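Participant: Please find the sequence and the predicted model below.
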Amino acid sequence: MSTLIEAHPTVDPINYDDILNIVNHVRSQVTLTEEPKIGIICGSGLGDLAELLTERQVIPFTNIPGFPPTNVIGHKGNLVFGNLMGKFIVCLQGRFHPYEHNMNLALCAMPVRMMKEFGVRTLIISNAAGGVNSAFKWGDLMLIKDQLFLPGLAGFSPLVGINDPRMGPRFVSMHDAYDLSLRQLAHTVAHEQGIVLHQGIYVMSGGPQYESPAEVCMFKTVGADALGMSTCHEVTVARQCGIRVLGFSLITNIANQEADTAVEVSHEEVLVAAKEASERACKFVSGIVEKL
Ligand SMILES: O=P(O)(O)O[C@@H]1C[C@H](O)[C@@H](CO)O1
Ligand SMILES: Nc1nc2[nH]cnc2c(=O)[nH]1
């Protein structure tokens, strides 16, 4: 299968030189006086964080060669540089979901490879997810302890294909995907802010359909705490290129586990819950960035 991008047939997301060219193109549109050491990928509900940055430099995805359009409501589609809590950071205000882009996982994770080139060493990443753990309530935050990357296990990994060693190793250990010291820091911040912060296993399915109750029960059996459609491909690439990761989910709905009493799940419901959690999530991330 070709990894070339339909809209930009000259850009190949697994070609390191193509990624360098895109990075240089972005550099030509901004003034970077220092390297952003922290990168943030804003999932549903965290997009407002990018508006909090001072001395913002905003590049719409449409101005970045090789970037496909973002079609999911709730994802703005900007690359934003600026200061947060005294730190210079780069922020992805919106992301690419594999279900939007023919399961081209390398394309969807390309912004992480770009972040690495900009100088990012720590990635904070969020998503909206359906709660499976019975302790979870609508609007709660869940720190991601580990992941079940279903597309990756099924052969849809962003690392599939020719591996240029400049991207990182061919075989990547995912034993420490979500950094322990960053998780400890996140718990400290949550405690200080009086935020309920669970911890659990995040499952990425291919989507875009939400799970049937039987599927939710299957995932629960294998250890799932929350279900989503993003994040794992980005984290896999981050680990390949040596970026440490802190991830968390906003629990936007409670996943159905019994067909006879199941209720409809909708993206609108996900967005309403994500918006409700937004202020708390932005404060949480700001608190973490302050301590990094
Ligand atoms: O980018 P995230 O993971 O926050 O987006 C969520 C998950 C699905 O893509 C979609 C489902 O409502 O929104
Ligand atoms: N797969 C999946 N993704 C979600 N994103 C928000 N809620 C859900 C959910 O219940 N399942």
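Facilitator: Everything's here; your move. Ligands and ions are numbered 1, 2, ... in the order given.

Participant: Name the residues of the stretch 151-292 of the chain found near ligand 1, please.
Facilitator: Within the stretch 151-292 of the chain, the positions lying close to ligand 1 (CB under 6 Å from any ligand atom) are 207, 228-230, 267, 270. Backbone N, C-alpha and C define where each C-beta goes, glycine included.

Participant: Contacts only, for residue 224.
Facilitator: In this structure, residue 224 makes contact with 132, 148, 200-203, judged by CB atoms under 8 Å, 6 or more residues apart in numbering.

Participant: could you redo the residues you listed as CSV and give each row secondary structure and distance to residue 183?
Facilitator: Compiled in CSV, the contacts of residue 224 are given as follows (DSSP: H, G, I helix; E, B strand; the rest coil; distance: CB to CB, whole Å):
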residue, secondary structure, distance to residue 183
132, coil, 20
148, strand, 18
200, strand, 11
201, strand, 13
202, strand, 13
203, strand, 18
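
Participant: What is the nearest of those to residue 126?
Facilitator: Using CB to CB, residue 202 comes nearest to residue 126 of the contacts of residue 224, at 10.6 Å.

Participant: Report the secondary structure state of the spatially closest residue to the closest one that is not a sequence neighbour.
Facilitator: Distances taken as CB to CB, 6 or more residues apart in numbering place residue 144 nearest to residue 202, at 4.6 Å, with adjacent residues excluded. For residue 144, the secondary structure call by DSSP: H, G, I helix; E, B strand; the rest coil comes out as strand.

Participant: Then residue 50?
Facilitator: Residue 50 falls in the helix class when you classify it by three-state DSSP.

Participant: can you redo the contacts of residue 224 as a markdown table with pLDDT?
Facilitator: What follows is those, written out as a markdown table (pLDDT from 0 to 100):
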| residue | pLDDT |
| --- | --- |
| 132 | 98 |
| 148 | 98 |
| 200 | 98 |
| 201 | 98 |
| 202 | 98 |
| 203 | 98 |
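
Participant: Just the closest of these to ligand 2, please.
Facilitator: Nearest to ligand 2 among the contacts of residue 224 is residue 203, at 7.4 Å by CB to the nearest ligand atom.

Participant: Identify the residues contacting the closest one.
Facilitator: For residue 203, the set of contacting residues under the criterion of CB under 8 Å, 6+ apart consists of 147-148, 150, 219, 224, 226-228.

Participant: do the same with residue 210
Facilitator: Contact partners of residue 210, counting by CB under 8 Å, 6+ apart, are 130, 255, 265.

Participant: just residue 87 next, same as before
Facilitator: Applying CB under 8 Å, 6+ apart, the residues near residue 87 are 37-38, 289-290, 292.

Participant: If we use 10 Å, what do you get?
Facilitator: By CB atoms under 10 Å, 6 or more residues apart in numbering, the contact set of residue 87 is 34, 36-38, 122, 286, 289-290, 292.

Participant: Select from those residues the one having the most neighbours.
Facilitator: The most crowded member of the contacts of residue 87, judged by other CB atoms under 10 Å, is residue 38 (23 neighbours).

Participant: now could you export just the CA positions of stretch 273-286 as PDB?
Facilitator: In PDB, the C-alpha atoms belonging to stretch 273-286 read as follows (Å, rounded to 0.1, in the frame of the first residue of the first chain):
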ATOM      1  CA  ALA A 273     -18.800  16.600  27.800                       C
ATOM      2  CA  ALA A 274     -15.400  17.500  26.500                       C
ATOM      3  CA  LYS A 275     -16.400  21.200  26.500                       C
ATOM      4  CA  GLU A 276     -17.600  20.900  30.100                       C
ATOM      5  CA  ALA A 277     -14.300  19.400  31.100                       C
ATOM      6  CA  SER A 278     -12.200  21.800  29.100                       C
ATOM      7  CA  GLU A 279     -11.400  24.400  31.700                       C
ATOM      8  CA  ARG A 280     -10.400  21.800  34.200                       C
ATOM      9  CA  ALA A 281      -8.200  20.000  31.600                       C
ATOM     10  CA  CYS A 282      -6.500  23.200  30.500                       C
ATOM     11  CA  LYS A 283      -5.700  24.100  34.100                       C
ATOM     12  CA  PHE A 284      -4.400  20.600  34.700                       C
ATOM     13  CA  VAL A 285      -2.100  20.700  31.700                       C
ATOM     14  CA  SER A 286      -0.900  24.200  32.600                       C
END
